[in-house]
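**Student:** Here's my sequence, what's the structure:
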Amino acid sequence: MNELFNLKLLYVEDEPETRLQMEKFLKRRFSRVVTASDGNEGLLKFKESKPDIIIADLLMEGLGGIQMIEKIRETGANCPVLITSALEDTGSILKTVELGIDRYIIKPIDTEDLSQTLEKIAARILKDRGSFLQVDIHRKKEVEKELRLEISAFLKKKTGKGPKSINVFLGSNNLEIGINGFLTPFDESLLEDRRNQTVVEQNRRLFYKTVKKELEDVITGVISIKTEMSELIIDSGKNRESFVFKY
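**Tutor:** Alright, predicted model coming up:
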């Protein structure tokens, strides 16, 4: 079983060609790869995506890799990190040790060595989590598709209107769901005056609070593991709602 496929990775690299090539390589191994072109974007993407593993270049314009990781560590996050660099700089290597970075990789990157390192890290992550959901690549895609269909049908049944799209990420210790285009025509008319945004979002929260148990049951019925909603973010300005369900 490919354990990497149960995890999410953030890759930060400012050189476009390198980023594109590595993104293709990583997407064959991870079910979700989030990319950023510099440390500032990487920090933003980290907060948005909450990756399991980070790979970041050392030297980037603006916020460098180490500076980005320092800011991430300040949030209390301790996810595994690999730093890549064309330089064998002793000072930088020592700094990565202080930050608890798992590996300092010299470019050009040996992809076979990188794969082995990532697999070891993935095995450690999944072992440390103890209880987790782990499925093979093909089953994972099937389950994510079934979840999209079941959740869409459930929401349409409850409101008479289905979302335009649903994104699902079946992780090893939680399920992430993004729902797009689910505002009602009435909500949209209210939002013509942005002063009503708070009211709309309060109403959306009330709706999900009302159907929370039923929605958890729908998900549990698909993955056969009891789930509980642990996070809900409503952004009516972008017509997007996102959830995290813990197993």
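
**Student:** okay, and the helix or strand of the protein with the least pLDDT?
**Tutor:** Here the helix or strand of the chain ranked lowest by mean pLDDT, DSSP states H and E is helix 90-98, holding a mean of 70.

**Student:** so what are the domain limits for the protein?
**Tutor:** Split into domains by automatic domain parsing, the chain comes to 3-129, 137-246.

**Student:** Let's have those domains in TSV, adding mean neighbour count.
**Tutor:** (C-beta placed from N, C-alpha, C; glycine too.) Listed next are the domains of the chain as TSV, based on neighbours: other CB atoms under 10 Å:
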stretch	mean neighbour count
domain 3-129	17
domain 137-246	15
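
**Student:** tell me the contacts of the residue nearest the centre of the chain?
**Tutor:** Residue closest to the average C-alpha location in the chain (CA atoms, centre = their mean): S49, at 3.4 Å. Applying CB atoms under 8 Å, 6 or more residues apart in numbering, we find S49 in contact with 8, 10, 32, 34.

**Student:** Which pLDDT does the model give it?
**Tutor:** Listed pLDDT for S49 reads 91.

**Student:** That one and L191, how far apart?
**Tutor:** S49 sits 26 Å away from L191, going by CB to CB, to the nearest Å.

**Student:** what do you get for N40?
**Tutor:** Applying CB to CB to N40 and L191 gives a distance of 30 Å.

**Student:** For the nearest residue to D102 once chain neighbours are set aside, give me its contacts.
**Tutor:** Nearest residue to D102 in three dimensions, chain neighbours excluded: P80, at 4.7 Å (CB to CB, 6 or more residues apart in numbering). By CB under 8 Å, 6+ apart, the residues touching P80 are 52-54, 102, 121, 124-125.

**Student:** Also I101?
**Tutor:** By CB under 8 Å, 6+ apart, the neighbours of I101 are 69, 81-83.

**Student:** any idea how far L215 lies from G162?
**Tutor:** 14 Å.

**Student:** again, but for R124
**Tutor:** 40 Å.

**Student:** D193 now?
**Tutor:** In terms of CB to CB, D193 sits 26 Å off from G162.

**Student:** Please apply the same query to N173.
**Tutor:** 28 Å.

**Student:** I'd guessed K156 sits against G162; true?
**Tutor:** Yes. With contact defined as CB atoms under 8 Å, K156 and G162 form a contacting pair (3.8 Å).

**Student:** Could you list the low-confidence segments of this protein?
**Tutor:** Where the chain drops to pLDDT under 70, the residues are 1-2, 89-93, 130-134.

**Student:** ranges for the helices of it?
**Tutor:** Taking DSSP state H as the criterion, the chain contains helices spanning 16-27, 39-49, 65-74, 90-98, 111-129, 137-159, 185-190, 197-223.

**Student:** So which of those helices is nearest K238?
**Tutor:** helix 197-223 (11.0 Å; CB to CB).

**Student:** now the closest one: how far from the chain's centre is it?
**Tutor:** 20 Å (CA atoms, centre = their mean, to the nearest Å).

**Student:** now stretch 32-51
**Tutor:** Relative to its parent chain, stretch 32-51 has a centroid offset of 9 Å by CA atoms, centre = their mean.

**Student:** first to last residue in that stretch, what's the distance?
**Tutor:** 9 Å (CA to CA, to the nearest Å).

**Student:** and if you look at stretch 158-176?
**Tutor:** OK, stretch 158-176 end separation, CA to CA: 21 Å.

**Student:** what does stretch 167-176 give?
**Tutor:** Start-to-end, stretch 167-176 (CA to CA) is 8 Å.

**Student:** Stretch 122-140 too?
**Tutor:** 17 Å.

**Student:** residue contacts, V244?
**Tutor:** Shown in contact with V244 (CB under 8 Å, 6+ apart): 174-177, 229-231.
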